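Peer 1: Okay, predicted coordinates and the sequence, questions at the end:
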Amino acid sequence: EAGVTQFPSHSVIEKGQTVTLRCDPISGHDNLYWYRRVMGKEIKFLLHFVKESKQDESGMPNNRFLAERTGGTYSTLKVQPAELEDSGVYFCASSQVLGNGNTIYFGEGSWLTVV
Amino acid sequence: AQRVTQPEKLLSVFKGAPVELKCNYSYSGSPELFWYVQYSRQRLQLLLRHISRESIKGFTADLNKGETSFHLKKPFAQEEDSAMYYCAHEHNAGNMLTFGGGTRLMVKP
């Protein structure tokens, strides 16, 4: 069974440009999460989808970030326009259920460098 | 503010030595705590969760509510244990994870 996959694995863009990151969760997982780690900081929660609905987007840093999950399958995270401080690694994760038995599976991350 | 703290960014030990990676939390009540590990060139993965009280790859972690700690321990470190270790707290039963800053464990031969 394929794990959580993310694309692209690495991206280098100029300040002001737009980047779209994609995440394909494990098949059948209704819960999809985005996290990011910027240089020198902790891994931070961005948002949580349950199917196509945003359950919690309290971690989204500002309105330059837009996450979608149309159809409740894959998700995209768009950064527009990108700023230098957006550089870091963006992790996607998914889980099948919520609750104490929940296991969250992470993707390998998308490394974003804004120059 | 509610947070998870890992005071050591780097921990270096020799093979066969005991290892303890520290984690402290500031949440009240009964926290849901986890240890995640990221080996070189691999994805972040769950190592163990406190509710299971399990031992994975020789690692154990005990929740100490009095000291608000969840330290990860292994009596005899192996070279393949070298990795980044993250302590995390789970909110709302499966929702958001709050991570500590991570500790890089290096096990020298």
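Peer 2: The structure has been received and is ready for your questions. Note that this is a predicted model, so its numbers are computed, not measured.
Peer 1: The residue of chain A found nearest chain B: what secondary structure?
Peer 2: At 3.2 Å from chain B, A:Leu98 is the closest residue in chain A, using CB to the nearest CB. Every residue, glycine included, has its C-beta placed from N, CA and C. The assignment at A:Leu98 comes out as coil when based on DSSP: H, G, I helix; E, B strand; the rest coil.
Peer 1: So for it, what's the pLDDT?
Peer 2: Model confidence at A:Leu98, expressed as pLDDT, equals 70.
Peer 1: B:Ser55 and B:Leu48, how far apart?
Peer 2: Distance, B:Ser55 to B:Leu48, by CB to CB, to the nearest Å: 8 Å.
Peer 1: which parts of chain A sit against chain B?
Peer 2: Applying CB under 8 Å from any CB of the partner chain, one finds that chain A approaches chain B through A:3-4, A:31, A:33, A:35, A:41-45, A:48, A:55-56, A:58-59, A:91, A:95, A:97-100, A:102-109.
Peer 1: cutoff 10 Å now
Peer 2: Applying CB under 10 Å from any CB of the partner chain, one finds that chain A approaches chain B through A:3-4, A:6, A:31, A:33, A:35, A:37, A:40-48, A:50, A:55-56, A:58-59, A:91, A:93, A:95-109.
Peer 1: What count of nearby residues applies to residue 40?
Peer 2: Looking at chain A here, since you left the chain open. If you count neighbours by other CB atoms under 10 Å in any protein chain shown, A:Gly40 ends up with 8.
Peer 1: The chain in question should be chain B.
Peer 2: A count of nearby residues for B:Ser40, using other CB under 10 Å, gives 7.
Peer 1: I'd like to know which elements the helix-or-strand element of chain A with minimal mean pLDDT is packed against.
Peer 2: The least trusted helix or strand in chain A, going by mean pLDDT, DSSP states H and E, turns out to be strand A:53-56, with a mean of 92. In this structure, strand A:53-56 makes packing contacts with strand A:31-38, strand A:43-50, judged by 3 or more CB pairs under 10 Å, 6 or more residues apart in numbering or on different chains; DSSP states H and E.
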